[in-house]
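Participant: Predicted model follows, preceded by the sequence.
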Amino acid sequence: MLNSKAVLIALVFASCTLALGQTSTPTGNVRFSPDMLDKNMDPCTDFYAYACSKWQAQNPIPSDRPSWGRFNELQDRGETLVRGILEKYSLDDPKRSPVEQKIGDYYFSCMDESAIEKAGSKPLQPTLNRIAGLQSKQDFAKEAVRLHREGVGAFFEFGSQPDFKNAQQIISAAQQGGLGLPDRDYYLKDDEKSVEIRKQYLAHVQKMFELIGDPSEKAANEAKVVMDIETALAKGSLDRTSQRAPEKIYHKMSTKALTGLSPSFGWPIYFADIGAPPIEALNVAEPDFFKQFETTLKATSLEDWKTYLRWHVVHSHAPVLSAAFVNENFNFFSKTLQGTKELAPRWKRCVRMATGDLGEAIGQKYVETTFGADSKERMLKMVNALEASLGQDIQTLPWMGDETKKQAIEKLHAITNRIGYPDKWRDYSSLNIVRSDAVGNSLRSNTFAVQRDLNKVGKPLDKGDWPYPPMTVNASYNPLQNNITFPAGILQPPFFDNQADDAMNFGAIGAAIGHELTHGFDDEGAKFDLNGNLKDWWTSKDKEEFEQRTSCVKDQYADYSPLPDVKLNGKLTLGENTADNGGLRIAYMALLSTLAGKEPAPVDGFTAQQRFFLGFANIWCQNRTDQIARYLANIDPHSPGKFRVNGTLSNMPEFREVFHCKADAPMVRQNACRVW
Ligand SMILES: [Zn+2]
């Protein structure tokens with residue numbers, strides 16, 4: 001999930017979500033309505049325009065957002081609900097439970113603008129003084145421990161993850177990191193736009209140094225130092241597309257071997273102090289990065305490293321500091337990079353920060369009001385229907401041999417489902433939340449999260465641990481756990497509507513379930529077995545057939561342009577596009593088998609089959625600024641809504657049939673791609 005908060009030490013291998021987590025007043029009717037369709041458009045020419053252009057015209061991007069879509073409408077409603085919960089418990093009432101005290105006081109402190117303004121950058125001073133006092137590079141390991149535990153993403157990242165080869169066991173992992181810009185490519189590409197962004201980044205870093213009191217000439221030099229160090233680290237970083245290949249980010253080695261890669265860094269000190277149990281081996285996700293880290297450590301002076309560390313402290317904590325920091329951080333990361341016009345109101349930012357730090361504490365209160373047992377039951381029924389369809393689909397694939405089919409079916413049957421919210425809530429009792437200490441609460445929350453993550457090292461995988469709180473409007477498949485997660489936040493209209501018929505629900509949430517299940521069999525998921533282990537279960541012939549088919553999908557989407565001078569990255573988006581295509585197909589199969597040959601009367605003039613495709617397109621209606629379209633093309637494994645809809649439907653003969661499209665219509669692809 002993306003969050004505007006400080007970068008926490010992150011998992012090496014993210015699970016595959018339905019959509020990019022988007023940092024987010026109740027709106028009008030969110031249900032599907034035929035009035036939303038542009039009847040002047042031909043569904044066979046551009047189905048997305050037919051289903052979404054009216055919505056797009058009626059739903060301009062709010063000024064505090066870089067994009068707006070059906071997901072965001074739900075996020076907004078959720079945020080309003082959470083606001084109500086947090087306001088209720090922010091009164092200093094001795095009768096509050098410990099959980100109510102934490103969420104209430106966190107929110108109260110965050111909303112206490114005058115205290116935050118008064119403090120300015122003072123809360124960072126102890127950390128900045130400590131960095132100023134570093135005597136030699138030998139001190140870096142100890143300092144890295146302190147910064148990482150405060151949630152500052154300097155040097156590299158460190159955390160826990162399942163062992164790819166033995167996924168029931170949690171190990172620790174060191175991973176590339178230490179950059180300020182969102183991806184290594186921002187430092188390395190030399191097109192006009194990238195050069196311009198780097199100039200703006202330099203100006204931003206300079207301004208942040210000025211805000212902590214450095215004179216502007218000095219601050220300008222410091223910004224250059226930061227750029228040089230980060231560029232050096234970026235050069236050693238693996239590109240985002242390659243990181244999707246699990247074998248490229250799995251290099252289990254002894255701590256001694258890691259020390260061999262970057263001997264100038266005090267690894268023994270780091271491991272002794274970071275807060276993980278004693279370890280002998282770990283995953284070093286990108287060994288080349290740690291070699292480059294060594295080169296940079298040696299080539300850069302102590303004073304320049306201190307400058308780099310100061311920058312990362314201010315950068316990480318900027319969103320919780322006084323307005324000058326918040327605004328400057330917004331100006332670059334939200335306005336310049338994403339095209340957002342205005343900062344979100346304070347209450348929204350506080351709701352998001354509270355959700356980031358105390359998600360499951362708030363989630364307990366949230367599900368009391370929003371998620372009923374009947375929703376869970378209907379969802380489970382749909383998941384079962386989708387699993388049955390995928391099973392049927394696998395059995396009838398013409399290109400896959402029996403041996404691989406047997407393995408695929410076993411993997412499918414082993415997938416577990418998590419719906420609504422966790423069985424057991426996260427225990428926040430060791431986290432101290434203090435009324436009127438916003439920055440302290442944020443720092444302690446970061447430390448709590450880091451410690452909680454490191455406590456998992458050396459233990460078996462806890463399958464009850466959820467990756468995000470139940471308010472989240474998203475869903476995911478985790479290849480290392482072979483499970484899908486559908487939080488309460490997404491189980492609402494227009495995704496899941498207890499009052500809608502099967503056709504709409506199968507097109508929307510059904511396709512989403514199908515999408516997550518198919519991730520178990522996309523170019524990445526297919527490399528893991530039923531137990532979540534990185535293990536090849538394919539015959540070589542079937543593997544070849546599979547790769548031929550995924551390569552068709554890769555080429556199809558690489559041809560799509562979100563902006564005139566930007567193309568999608570077919571390889572980066574391959575897993576998501578494969579999941580969209582397979583997911584919609586099996587959702588359609590599940591609808592047909594649920595209808596069992598019966599033809600329901602048309603609704604609003606549309607057959608059930610037509611409504612299925614309308615329900616699907618409807619969830620992907622969205623508007624984006626040009627800036628975020630460009631930004632996401634660099635980093636997002638998901639395609640934009642338009643291509644998720646038109647790319648998928650144009651591969652499906654079923655779509656052509658129910659909308660009676662001519663063979664040469666634009667929505668009918670010659671040489672249609674099909675994997676699953
Ligand atoms: Zn996905």
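Facilitator: Alright, I've got the coordinates.
Participant: Give the buried residues for the helix or strand hosting K218.
Facilitator: Assigned by DSSP states H and E, K218 belongs to helix 216-235. Within helix 216-235, the residues that count as buried by 16 or more other CB atoms under 10 Å are 219-220, 222-223, 225-227, 229-234. In short, each C-beta sits where N, CA and C put it, glycine included.
Participant: Grab the nearest non-local neighbour of the closest residue to the ion within the stretch 51-200 of the chain.
Facilitator: Distances between the stretch 51-200 of the chain and the ion by CB to the ion are smallest at F71, namely 12.9 Å. Residue nearest to F71 in three dimensions, not counting chain neighbours: V473, with 5.1 Å by CB to CB, 6 or more residues apart in numbering.
Participant: Report the secondary structure state of that neighbour.
Facilitator: Assigned state for V473: coil (three-state reduction, DSSP: H, G, I helix; E, B strand; the rest coil).
Participant: Count the neighbours of it for me.
Facilitator: 25 (other CB atoms under 10 Å).
Participant: could you list every residue that touches it?
Facilitator: 71, 74-75, 78, 489-490 (CB atoms under 8 Å, 6 or more residues apart in numbering).
Participant: Specify which residues of this structure, grouped into ranges, have pLDDT under the cut-off.
Facilitator: Applying pLDDT under 70 to the chain flags the ranges 1-17, 20-30.
Participant: the longest strand in it is where?
Facilitator: strand 166-175 (DSSP state E).
Participant: Specify the local secondary structure of the residue of the stretch 251-400 of the chain found nearest the ion.
Facilitator: In the stretch 251-400 of the chain, the residue that lies nearest the ion is L386 (14.5 Å; CB to the ion). With three-state DSSP as the basis, L386 sits in helix.
Participant: Count the residues that sit near it.
Facilitator: Neighbour count of L386, defined by other CB under 10 Å: 28.
Participant: residues touching it, list them.
Facilitator: 510, 513-514, 517, 586-587, 590.
Participant: Next: R585.
Facilitator: 393, 514, 652, 654, 674, 676.
Participant: correct me, but V434 touches Y106?
Facilitator: No. Look at V434 against Y106 with CB atoms under 8 Å: they stay out of range, at 9.2 Å.
Participant: Mind checking which of these two has more residues around it?
Facilitator: For V434 versus Y106, the count of surrounding residues by other CB under 10 Å is larger for Y106: 29 against 13.
Participant: Please identify which helix or strand holds that one.
Facilitator: Take DSSP H and E as the rule and Y106 turns out to sit in helix 98-111.
Participant: Ok, I513 next?
Facilitator: Using DSSP H and E, I513 falls within helix 511-519.
Participant: which helices and strands sit right next to that helix?
Facilitator: In this structure, helix 511-519 packs against helix 373-395, strand 476-478, strand 483-487, helix 574-595, helix 608-619, with contacts taken as 3 or more CB pairs under 8 Å, 6 or more residues apart in numbering; DSSP states H and E.
Participant: which residues touch the next helix or strand after that helix?
Facilitator: The first helix or strand that comes after helix 511-519 along the chain, using DSSP H and E, is helix 540-558. Here helix 540-558 makes contact (CB under 8 Å, 6+ apart) with 399-401, 403-404, 522-523, 526, 536, 538, 567-571, 573-574, 577-578, 581, 639, 643, 647, 651, 669, 671, 673-675.
Participant: Name only those of those that count as buried.
Facilitator: Buried among these by 16+ other CB under 10 Å: 400, 404, 522-523, 526, 538, 568-571, 573-574, 577-578, 581, 639, 643, 647, 651, 669, 673-675.
Participant: Just give the closest residue to whichever residue of the stretch 101-250 of the chain sits closest to the ion, not the sequence neighbours.
Facilitator: Closest residue of the stretch 101-250 of the chain to the ion, CB to the ion: R244 (11.9 Å). Excluding its sequence neighbours, the residue lying closest to R244 (CB to CB, 6+ apart) is E524, at 5.4 Å.
Participant: Please tell me how far that neighbour sits from the ion.
Facilitator: Distance from E524 to the ion, counting by CB to the ion, to the nearest Å: 10 Å.
Participant: if we can go back for a sec, contacts for the helix holding K218 next, please.
Facilitator: 176, 178-181, 184, 186-188, 198, 201-203, 205-207, 209-210, 214, 289, 292-293, 295-296, 299-300, 304-305, 307-308, 310-311.
Participant: Next: stretch 365-376.
Facilitator: 78, 81-82, 85, 89, 99-100, 103, 419-421, 469-471, 488, 491-492, 496, 498.
Participant: That one: which residues count as buried?
Facilitator: Per 16+ other CB under 10 Å, stretch 365-376 contains these buried residues: 365-367, 370-371, 375-376.
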